[in-house]
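**Q** Provided below are the primary sequence and the corresponding predicted coordinates.
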Amino acid sequence: MRDATLHQSDAAVAADAFAGAMEIQKTPAAGIWLMFRITRNDADADETLNITVYDKDTDAAWNAGTDRKVSGVTSVVNADVANGGTIVRYVLVQSDRKYLNPYYDVGGTTPSWTIECSVVSGPDQPQTV
């Protein structure tokens with residue numbers, strides 16, 4: 001089940017695709033943080049994953065070629081995460097539009113990634129004394 005408002009979970013992503021829109025009604029001036037939890041599902045040595053976040057005022061006809069890019073995670077490759085391993089990446093997004101939609105651009109011989117995207121408060125900050 002997907003709550004398309006604050007969380008998305010996509011298993012076995014093996015082809016370029018939009019994840020699904022999240023209705024945010026625009027971000028505060030400081031933006032919002034998206035957390036991507038990325039698990040690698042295949043042992044091929046040439047797997048790649050790029051995530052680009054797009055925004056729009058309507059949740060229809062998303063197009064990675066023409067819609068506005070607002071943020072993203074680039075160049076997650078096989079060397080970044082072992083087969084079966086998981087990494088976390090945070091992305092700050094600022095938008096004056098109603099919807100955000102992550103786009104997964106995958107490459108390699110037989111790529112397979114499980115990707116979860118959630119709206120969060122931000123990455124852990126180092127404690128200062």
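**A** Yep, that arrived. Numbering: from 1, shown residues only.
**Q** can you show me the strands along this protein?
**A** In the chain, the strands defined using DSSP state E lie at 7-13, 17-18, 22-23, 32-40, 48-56, 68-77, 86-93, 99-107, 113-120.
**Q** outside of the third one itself, list whatever touches it.
**A** Residues outside strand 22-23 that contact it (CB atoms under 8 Å, 6 or more residues apart in numbering) are 4, 5, 6, 8, 59, 98, 99, 100, 101, 117, 119. Every residue, glycine included, has its C-beta placed from N, CA and C.
**Q** ok, the first one next?
**A** Where contact means CB under 8 Å, 6+ apart, the residues beyond strand 7-13 that reach it are 2, 19-20, 22, 41, 49, 102, 104, 106, 111-119.
**Q** from the contacts of strand 22-23, which would you call buried?
**A** 8, 98, 99, 100, 101, 117, 119 (16 or more other CB atoms under 10 Å).
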